[in-house]
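Colleague: Here's a sequence, model it:
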Amino acid sequence: MNGADLPRPPSGLDFRAQPEAFTLTLTLGGRYAGQQEWAVQPERSAVVARVQTDFGGVLPELRRVQTSRLHPHLLTSLHYAEGDGRGKASFETTFDRKVGLITLRQGKEEATAPLTTEYHDPISLLLWLRGLGDVDRAHAQLTGGRVLVQRLADSEVGGVPARAYFLRPGGAYVYVEQVPPHRL
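Modeller: Now for the predicted structure:
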């Protein structure tokens, strides 16, 4: 595995030094659709991000909790879990670099595959994008396949200058503040 081609986080985006917490309001068609609370903090030899999403408003009320353990320099995934936050995760992925194996668990089912490259999970991918900078095009590997990240023209979100990225497959737009702390 070689993480040499992966961009490093820019200065000021060092999650190992200082915890970070922020909240995002979710909208759908301009109407309230829920809230997302992020907590990112150093923990031993990793960075841990916990994201709690409470859907509501125009969407049915539902809670999803995602936890990502990230490599502290590359911001790639070491472990990812998601569930309702009330018990055992309903989905879990472990990247064991010592034995070179990826293990995916969903319910009682389990599958393994060789670990041959650095992988992202949905949370580590978003944190990694914060440090991508002015790169026009990049690729990120998730367990479900390769993601193409395309840089779009700069934009403004709520009056804040932002870099814009388009991810495919999935068709997601991600906006990242241009200046530190490079908020989503």
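Colleague: The chain: helices as residue ranges?
Modeller: Here the chain has its helices, by DSSP state H, at 122-129.
Colleague: looking at it, which residue ends up farthest from its center?
Modeller: When distances to the mean C-alpha position of the chain are computed (C-alpha atoms, centre = their mean), the maximum falls on K108, with 25.1 Å.
Colleague: ok, it - contacts?
Modeller: For K108, no residue meets the contact criterion (C-beta atoms under 8 Å, 6 or more residues apart in numbering). In this view, the C-beta of every residue, glycine as well, is placed from N, C-alpha and C.
Colleague: tell me the contacts of the residue most central in space within the chain?
Modeller: Computing the C-alpha centroid of the chain and ranking residues by C-alpha atoms, centre = their mean puts I123 first, at 1.8 Å. Residues in contact with I123, defined by C-beta under 8 Å, 6+ apart, are A49, V51, Q66, T67, S68, L70, Y80.
Colleague: Now rank these by neighbours and give me the top one.
Modeller: S68 (28 neighbours; other C-beta atoms under 10 Å).
Colleague: so what's that one closest to, chain neighbours aside?
Modeller: Once flanking residues are discounted, S68 sits nearest to I123: 3.8 Å by C-beta to C-beta, 6 or more residues apart in numbering.
Colleague: measure the one you found to W38 for me?
Modeller: 9 Å (C-beta to C-beta, to the nearest Å).
Colleague: shared neighbours of these two, which are they?
Modeller: Residues within reach of I123 and of W38 at once, by C-beta under 8 Å, 6+ apart, are A49, V51.
Colleague: and stretch 55-66, how far from the chain's centre?
Modeller: Distance of stretch 55-66 from the chain centroid (C-alpha atoms, centre = their mean, to the nearest Å) equals 18 Å.
Colleague: One more: stretch 119-129?
Modeller: Computed by C-alpha atoms, centre = their mean, the chain-centroid distance of stretch 119-129 equals 3 Å.
Colleague: and it, what's its mean pLDDT?
Modeller: Mean per-residue pLDDT for stretch 119-129: 95.
Colleague: Pull out the buried positions in that stretch.
Modeller: By neighbour count with 16 or more other C-beta atoms under 10 Å, stretch 119-129 contains the buried residues Y119, H120, D121, P122, I123, S124, L125, L126, L127, W128, L129.
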